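Visitor: build me a model:
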Amino acid sequence: MLSNTAEVSLSKFMTKLLRHTPEQYGLILDPEDGSCRLDDLLSVIVSTPRWSEVTVGDIRQVVAGCDKQRLEIIDDRIKARYGHSHTKITYGPGTPPAILFHGTHSGVLSVILEEGLQSMERQYVHLSEGTHFASLAGSRRGKLILLTVDTIRAGQMGVTFYNAGNKVWLAGHIPPSCLKVYTP
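Guide: Here you go, the predicted model:
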């Protein structure tokens, strides 16, 4: 069993492999859903000296213990649910709840309210059904600001939403007229 520190560190490494630089490590992801065989991921991980003792059980522990539920194991395959920066992963369109949340920080609020939400270095804007995940994402860089997204209005303006699982939704640009600062 991994310590909390090791679990967090391995989680970051797995996220890097499955979301950002699989090719750098020789990991081949399915172009449709971004998944790979669990055994293939394990082979890459254990080839790194720091992680030479990792087991499939350790990988399962990381996936189960991640607050943000970034990763998912189905049968013998593992994938990142969202956040990819390497190749565009295909998601089916879906109908989200009327309101979704996005976490950001005070330093960029004025730009967002003027220009809307943009995916920046990622493929999609990340949204959540509740404030918990939005708070985790938004509090990394400064004073947390939560925004609500009016998905009905956004849909009427041509925004398509994609369900990434675990109450996480993805979208392209969200116009500023669909955003409000959340006040509980």
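
Visitor: so how far is residue 149 from residue 171?
Guide: In this view, residue 171 and residue 149 are 8 Å apart by C-beta to C-beta, to the nearest Å. (C-beta placed from N, C-alpha, C; glycine too.)

Visitor: so where's this structure uncertain?
Guide: Scanning the chain for pLDDT under 70 picks out 68, 83-90, 138-141.

Visitor: so where do the strands sit in it?
Guide: For the chain, applying DSSP state E gives strands covering 36-37, 71-74, 77-80, 93-94, 99-105, 125-128, 144-150, 161-165, 168-171, 179-181.

Visitor: make a markdown table from these and add mean neighbour count and distance to residue 135 to it.
Guide: Listed next are these as a markdown table, based on neighbours: other C-beta atoms under 10 Å; distance: least, C-beta to C-beta, whole Å:
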| stretch | mean neighbour count | distance to residue 135 |
| --- | --- | --- |
| strand 36-37 | 18 | 30 |
| strand 71-74 | 16 | 20 |
| strand 77-80 | 22 | 20 |
| strand 93-94 | 11 | 23 |
| strand 99-105 | 21 | 5 |
| strand 125-128 | 24 | 9 |
| strand 144-150 | 21 | 6 |
| strand 161-165 | 19 | 18 |
| strand 168-171 | 24 | 13 |
| strand 179-181 | 16 | 14 |
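
Visitor: quick one: closest of these to residue 12.
Guide: Distance to residue 12, taken as C-beta to C-beta, is lowest for strand 71-74 among those, at 11.3 Å.

Visitor: quick one on the thing from earlier: need the residues touching each of residue 171 and residue 149.
Guide: 117, 127 (C-beta atoms under 8 Å, 6 or more residues apart in numbering).

Visitor: hang on, the earlier thing: can you redo the strands of the chain as CSV with distance to residue 18?
Guide: Below are the strands of the chain laid out as CSV (distance: least, C-beta to C-beta, whole Å):
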stretch, distance to residue 18
strand 36-37, 7
strand 71-74, 7
strand 77-80, 4
strand 93-94, 22
strand 99-105, 22
strand 125-128, 16
strand 144-150, 26
strand 161-165, 13
strand 168-171, 15
strand 179-181, 30
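
Visitor: out of the ones you listed, which gets nearest to residue 1?
Guide: Nearest of the strands of the chain (C-beta to C-beta): strand 71-74, 17.4 Å.

Visitor: and the closest one, what does it pack onto?
Guide: helix 4-15, helix 56-65, strand 77-80 (3 or more C-beta pairs under 8 Å, 6 or more residues apart in numbering; DSSP states H and E).
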